[in-house]
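> Would you be able to build a 3D model of this:
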Amino acid sequence: MRYSVIIRAYELTPLLVQVIEAVKDQTLQPGEIIIVDSSRDGQLQHAFPTGGVKFVRYPEESFNYSKAINIGVDAATQPYTLVLSSHMLIRSANLVEKGWLEAADRGVEIVYWDLSRDASLSYRAIEINKRCFTGRNGLSNSLALIPTQLLRDRPFREEVFSAEDQEWSRYYLDRFGRPILRIETNDIDYLNPNHGETVWSEIKLMNEELAIGHFVNRRLIMPDRIAHRFLRGVLATLRRRPERARAHFRFAHAMFMANFWRPEGKSRYF
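Sure thing, here's the model as predicted:
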């Protein structure tokens, strides 16, 4: 199995260097590593002058995750594409190979990895099909292996400003009726300083909620869900947590409006 790695990056960090080295150390090594560079100042290229990394510049316009992935896919030369976040650190040298073999044994062509929510559960493989797809458990473009031609035949939609991976998953499951393999593992770490267990971005959360509700699963912005979000705001008010209450009320209002107009947002939330 030959694959290209696509990483979307906007700045040089020690973590990015580790992410790239971890991919290079895989037992199933990539045919190429492509960085879609939106840094504007060339700092990334100066850091990897002879490191076997190919750079594609993002155009001088507002950043869009879908477009960044599509640009990387256009530059890819291998039959498979591994879409990898610049914040996703692989800690197992055989992670890609093991996942690929698991998918091949099951006759599945798409596999993605997610951090296990159970520290005692180091590995679990689950097939996500059309029946069990919720709009939240489709492939994650933080770490996903997909046939390149599939991504060329049907690119990520740029108007889907967030949760573009979930929207693409819905398309794939509807179009082909084949499952996607989800692997939950402790062999990865998502180390985004702008959004994680200790810090979180309200804009990112709202973008994802609206994008999933409008573009993927309309059930998530129905009146009962809006009422639930509103009641959470009331509860936060009673608990004297005004910032959290305002956030819930903003979410409820935005979810209500998404039933009538297509929501708009920016992919870059930092």
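> Contact partners for the nearest residue to Q149 once chain neighbours are set aside?
Nearest residue to Q149, sequence neighbours excluded (Cβ to Cβ, 6 or more residues apart in numbering): P79, at 7.5 Å. Backbone N, C-alpha and C define where each C-beta goes, glycine included. Contact partners of P79, counting by Cβ atoms under 8 Å, 6 or more residues apart in numbering, are M1, R2, Y3, P147, T148, Q149.
> Check what pLDDT P79 gets.
Confidence at P79, expressed as pLDDT, is 98.
> can you list the weak-confidence ranges in the stretch 151-270 of the chain?
194-201, 265, 267-270 (pLDDT under 70).
> mind listing what's buried in the helix or strand containing H46?
In this assignment (DSSP states H and E), H46 forms part of helix 43-47. Going by neighbour count (16 or more other Cβ atoms under 10 Å), the buried part of helix 43-47 is L44, Q45.
> can you map out the helices along the protein?
Taking DSSP state H as the criterion, the chain carries its helices at 14-24, 43-47, 65-75, 95-106, 148-153, 164-176, 202-211, 223-238, 242-257.
> Residues contacting the first one, please?
Contacts to helix 14-24, defined as Cβ under 8 Å, 6+ apart, come from residues 5, 7, 9, 30, 33, 44, 47-48, 51-53, 82, 84-91, 191.
> List buried members of the residues you listed by neighbour count.
Listed as buried from those are 5, 7, 9, 30, 33, 44, 48, 53, 82, 84-90; burial here means 16+ other Cβ under 10 Å.
> hmm, back to that, of the helices of the chain, which is nearest D118?
Closest to D118 of the helices of the chain is helix 95-106 (Cβ to Cβ; 18.0 Å).
> Run the angle between the closest one and helix 14-24 for me.
Compare the direction of helix 95-106 with that of helix 14-24 by axes from the mean of the first three to the mean of the last three Cα atoms, to 10 degrees and you get 50 degrees.
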